[in-house]
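Novice: show me the folded form of this:
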Amino acid sequence: MPKLGQSSFRRILLSQILLLSLPVLLVGEYVTYRKARSGLLETARLNLTESASKKAQTINEWINFNKSGLTIATNNIVLQPEKSKQYSVVLSQLQEQFSPLVSCLQLTDLQTQQMVASTCGKQPIYSISKNFWPLKKQQNSEIYINYLVPGLDQKNSEWRNQIKLVFNSPIYINQNNENQLKYVLSLQSTLYLESKERPKSLTGFTVIIDQSGTIISHPSLNKLGRNIQEQADANRLSHLLSNALERKKNSFIHLFSFDQSGKELLAGYDSIPSPITSENDKQWVVLAVVDLQQALSGLKDIKSLLIFLVLSLVIASIIAAVYVSRDLAIPLEKLRDYAIKAKNLDSPGDVPDNLKIREFNQLAEALNTMVASLRARAQALEYASKEAQVANQLKNEFLRVVSHELRTPLNGIINSISLIQDGLCDTKAEEEEYLQIASDSSQHLLNLVDDILDIALIEEGKLSVMLEPTDLMQIVKDAVNLQMLDIQQKNLTIDLPTLDKPIIVQADPDKLKQVFINILNNSVKFTKSGGIIISTRIEFATNSLIEMQNNTASKSTTARYQVVVTITDTGIGVALGHQQKIFEPFAMADGSTTREFGGIGLGLAISRSLMQMMGGFITLDSPGLDLGTSVMISIPLSDTNTKSPETQNAIASHPMIAE
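Specialist: This is a model prediction of the structure:
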């Protein structure tokens, strides 16, 4: 509530200054406004003219792209009349090679005018006579082009803001040692034209008119296929068409009745050669059209700026006036002092109060609120900055790691092939040795790329698993066999559990095998001496391991029991501070590109995600560096296991049934 004895700032301002300065300021504002409007119109003219040229260039490039693609396709396609049933498959494979703008491919027998194959239904997209091409193949066969226009009963949103062209190319079949005309390959391609008028954008929506004045493309379906002579602005449109065809420099025009709402429009235009085969030596006119109010939308900002300048000048005049300097200077100085102190957000001081002018008191309260808000935002920004630095550091570390890991197999491939190509191998055996090196490096490179693709699919939620009863011990043995060569080369020992009966779990065999391969590969890679021990046990699903994972295991399974496979090695171990983040993508214990052991830090991240998708989980425990590592993998036990009397007796007597 305002206090008694306070004067309104607006009242002082209006009563002493505005009545003297307002007329002059308004005249200056009007002159500036008119100048700004003229400048915006000139800018719109230049932008729309350039936009029309770019649109015309885009259409030309689209046409040439489809022509070249169809030419290459017809030159490379091999059709055998006795295998005509396979033509549909050939067309489907061929369409995949074209851009998404190609919506249909059709193969038609010119002799019978019957469609042989199609990728878009049985309705022919265009009919063409065989007389257009020679019966025997020549050096270059011309492509016949025509455009599609909707009928009165077809004008729906599908035809809005687009051009549909049909490209036809002949296909010659070798008959009696001569290439004779047999088929025509028709390609329907759709170019979607810009139709939305974005705020402050002067690219404009697209309108296309052919040389005869027919409107080929327009955002309004009612105008498609109509002639410009039927429009209210027929004279101006005819003048526009004449200028465009004569390539005159003035490629800009105002249109008053070319829009359904009757708005005044601005249009820039350019011309292109007509792509239609039957319209040789004719032109199309491409227009970039925008609403006049849209082109002048910047005037709103200018108007606001002018009003702000007027108010600023009024305030300056008031402050400059001697007879009000005391009333205005004192509260302003207090607010200034507070604002200066507020630079130090930790101790901005007390906000000034009782400034005698209501608006200044409100401003002081607003400043106090703003300082409090800035203090909170500064803390948030500081936290966000630290997070960004950590994220940037992880990104740089990952890029260094990936570049190093990808470069290593690539160098092996390049060097091996170079030695063979340069003839530096003395014997066939030496060549085969280098080829084997290149093959091994290629496989290593493929594994790295597969890991990156797997983690990308997992992050996008596109990787799926197929759960089925699976022999766990067979999976473990297969994974161990794949690592056996490296184990023997490093003179490591490995201890596997011996079971009389298989342990059947509910899992995806391939994904589960990938998990064990990743874990065993890490154990072998990071263990210089000693050995690896693999143990298994069956326990209730509500055991302490699930609590350690904070219920991160998948809830898709209802198994009461789970199998826990523990893989323990005597390797380099993991520091206690790194064990929480070791399962994050691209996280590694050392993080240097010159690491002794290699890898890009995706194996454990992929393994954890795969286990969660299969209803299990994975944990890691290490006493510290050089003290070895234990990895525990838990997977739900299949119902076929839990229902057996042997399993029930074993569980009742002891939680561990195999070790």
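
Novice: from here on, just use CA atoms for contacts and neighbour counts.
Specialist: Noted.

Novice: so, low pLDDT: which residues of the stretch 501-650 of the chain?
Specialist: The stretch 501-650 of the chain contains residues with pLDDT under 70 at 542-559, 585-601, 640-650.

Novice: and if you look at the stretch 101-250 of the chain?
Specialist: Scanning the stretch 101-250 of the chain for pLDDT under 70 picks out the ranges 130, 138-140, 150-159, 194-201, 247-250.

Novice: that one: strands as residue ranges?
Specialist: For the stretch 101-250 of the chain, strands defined by DSSP state E, counting those that start in this stretch occupy the ranges 102-109, 114-118, 144-147, 162-175, 178-192, 205-210, 215-217.

Novice: Serialize the ones you listed to a markdown table and add fields for distance to N76 and mean neighbour count.
Specialist: Converted to a markdown table, the strands of the stretch 101-250 of the chain look like this (distance: least, Cα to Cα, whole Å; neighbours: other Cα atoms under 10 Å):
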| stretch | distance to N76 | mean neighbour count |
| --- | --- | --- |
| strand 102-109 | 15 | 21 |
| strand 114-118 | 17 | 19 |
| strand 144-147 | 19 | 19 |
| strand 162-175 | 10 | 21 |
| strand 178-192 | 12 | 20 |
| strand 205-210 | 34 | 24 |
| strand 215-217 | 33 | 23 |
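
Novice: indicate which one of those strands is closest to E246.
Specialist: Closest to E246 of these, according to Cα to Cα: strand 205-210, at 13.9 Å.

Novice: circling back to that earlier point, now distance to K581 too, for the strands of the stretch 101-250 of the chain, in TSV please.
Specialist: Listed next are the strands of the stretch 101-250 of the chain as TSV, based on distance: least, Cα to Cα, whole Å:
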stretch	distance to K581
strand 102-109	47
strand 114-118	54
strand 144-147	60
strand 162-175	52
strand 178-192	48
strand 205-210	52
strand 215-217	57
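
Novice: out of the ones you listed, nearest to S439?
Specialist: Each of the strands of the stretch 101-250 of the chain has some distance to S439 by Cα to Cα; the shortest is strand 102-109, at 39.0 Å.

Novice: partner strands of that closest one and their direction?
Specialist: Partner strands and pairing direction for strand 102-109 (DSSP bridges) are strand 114-118 (antiparallel), strand 178-192 (antiparallel).

Novice: turn the ones you listed into a markdown table, including distance to L265.
Specialist: A markdown table is the format used below for these (distance: least, Cα to Cα, whole Å):
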| stretch | distance to L265 |
| --- | --- |
| strand 114-118 | 43 |
| strand 178-192 | 22 |
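
Novice: quick check: which of those strands is nearest to L485?
Specialist: Closest approach to L485 among the strands paired with strand 102-109 is made by strand 114-118 (54.0 Å; Cα to Cα).

Novice: for the stretch of helix or strand E61 belongs to, packing partners?
Specialist: Using DSSP states H and E, E61 maps to helix 19-76. Helix 19-76 sits against strand 162-175, strand 178-192, strand 252-255, strand 265-273, strand 283-291, helix 292-295, helix 298-320, with contacts defined as 3 or more Cα pairs under 8 Å, 6 or more residues apart in numbering; DSSP states H and E.

Novice: beyond it, next helix or strand please.
Specialist: Using DSSP H and E, the helix or strand that follows helix 19-76 towards the C-terminus is helix 87-96.

Novice: what angle do that next one and helix 19-76 make?
Specialist: 140 degrees (axes from the mean of the first three to the mean of the last three Cα atoms, to 10 degrees).

Novice: average pLDDT for helix 87-96, rounded please.
Specialist: Computed over helix 87-96, the mean pLDDT rounds to 84.

Novice: tell me which residues are up against it.
Specialist: The contact list for helix 87-96, computed with Cα atoms under 8 Å, 6 or more residues apart in numbering, reads 73, 79, 102, 104-106, 116-119.

Novice: now the residues you listed as TSV including distance to S634?
Specialist: Formatted as TSV, these follow (distance: Cα to Cα, whole Å):
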residue	distance to S634
A73	54
L79	56
V102	50
C104	51
L105	52
Q106	55
V116	57
A117	54
S118	52
T119	49
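
Novice: out of those residues, who's nearest L446?
Specialist: Nearest to L446 among the contacts of helix 87-96, counting by Cα to Cα, is A73 at 31.4 Å.

Novice: CA atoms only: put stretch 519-539 into PDB for me.
Specialist: The C-alpha coordinates for stretch 519-539 follow below in PDB (Å, rounded to 0.1, in the frame of the first residue of the first chain):
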ATOM      1  CA  ILE A 519      33.700 -60.400 -18.100                       C
ATOM      2  CA  LEU A 520      36.200 -63.200 -18.800                       C
ATOM      3  CA  ASN A 521      38.000 -61.100 -21.400                       C
ATOM      4  CA  ASN A 522      38.500 -58.400 -18.700                       C
ATOM      5  CA  SER A 523      39.700 -60.900 -16.200                       C
ATOM      6  CA  VAL A 524      42.200 -62.400 -18.600                       C
ATOM      7  CA  LYS A 525      43.300 -59.000 -19.900                       C
ATOM      8  CA  PHE A 526      43.900 -57.500 -16.500                       C
ATOM      9  CA  THR A 527      45.500 -60.500 -14.900                       C
ATOM     10  CA  LYS A 528      49.200 -60.900 -15.400                       C
ATOM     11  CA  SER A 529      49.800 -63.900 -13.200                       C
ATOM     12  CA  GLY A 530      47.800 -66.200 -11.000                       C
ATOM     13  CA  GLY A 531      44.400 -67.500 -12.200                       C
ATOM     14  CA  ILE A 532      40.700 -67.100 -12.400                       C
ATOM     15  CA  ILE A 533      38.100 -68.900 -10.300                       C
ATOM     16  CA  ILE A 534      34.500 -69.400 -11.500                       C
ATOM     17  CA  SER A 535      31.900 -70.500  -8.900                       C
ATOM     18  CA  THR A 536      28.100 -70.800  -8.900                       C
ATOM     19  CA  ARG A 537      25.300 -70.800  -6.300                       C
ATOM     20  CA  ILE A 538      21.500 -70.800  -6.300                       C
ATOM     21  CA  GLU A 539      19.700 -68.600  -3.800                       C
END
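
Novice: what's in contact with it?
Specialist: The contact list for stretch 519-539 (Cα under 8 Å, 6+ apart) reads 479-480, 483, 486-487, 490-497, 561-573, 597, 603-604, 631, 651, 655-659.

Novice: buried sites along it?
Specialist: Residues 519-527, 529, 531-539 are the ones in stretch 519-539 that count as buried (16 or more other Cα atoms under 10 Å).

Novice: measure V631 to D471 for me?
Specialist: Using Cα to Cα, to the nearest Å, one gets 20 Å for the distance from V631 to D471.

Novice: quick one, which of those two is more surrounded?
Specialist: The residue with more neighbours, out of V631 and D471, is V631; 20 against 17, by other Cα atoms under 10 Å.

Novice: residues contacting the closest residue to the more buried one other than its chain neighbours?
Specialist: Excluding the flanking residues, the one nearest V631 by Cα to Cα, 6 or more residues apart in numbering is L620, at 4.5 Å. By Cα under 8 Å, 6+ apart, the contact set of L620 is 579, 629-632.

Novice: highest neighbour count among those residues?
Specialist: Going by other Cα under 10 Å, T629 tops the contacts of L620 with 24 neighbours.

Novice: so what pairs up with that one in the strands?
Specialist: According to DSSP bridges, beta-bridge pairing links T629 with D569.

Novice: quick check: it vs K513, distance?
Specialist: Using Cα to Cα, T629 is found at 20 Å from K513.

Novice: T214 is in contact with R226, isn't it?
Specialist: Yes: contact criterion Cα atoms under 8 Å: T214 and R226 qualify, at 5.5 Å.

Novice: which of those two has more residues huddled nearby?
Specialist: The neighbour comparison of T214 against R226 (other Cα under 10 Å) goes to T214, with 18 against 15.
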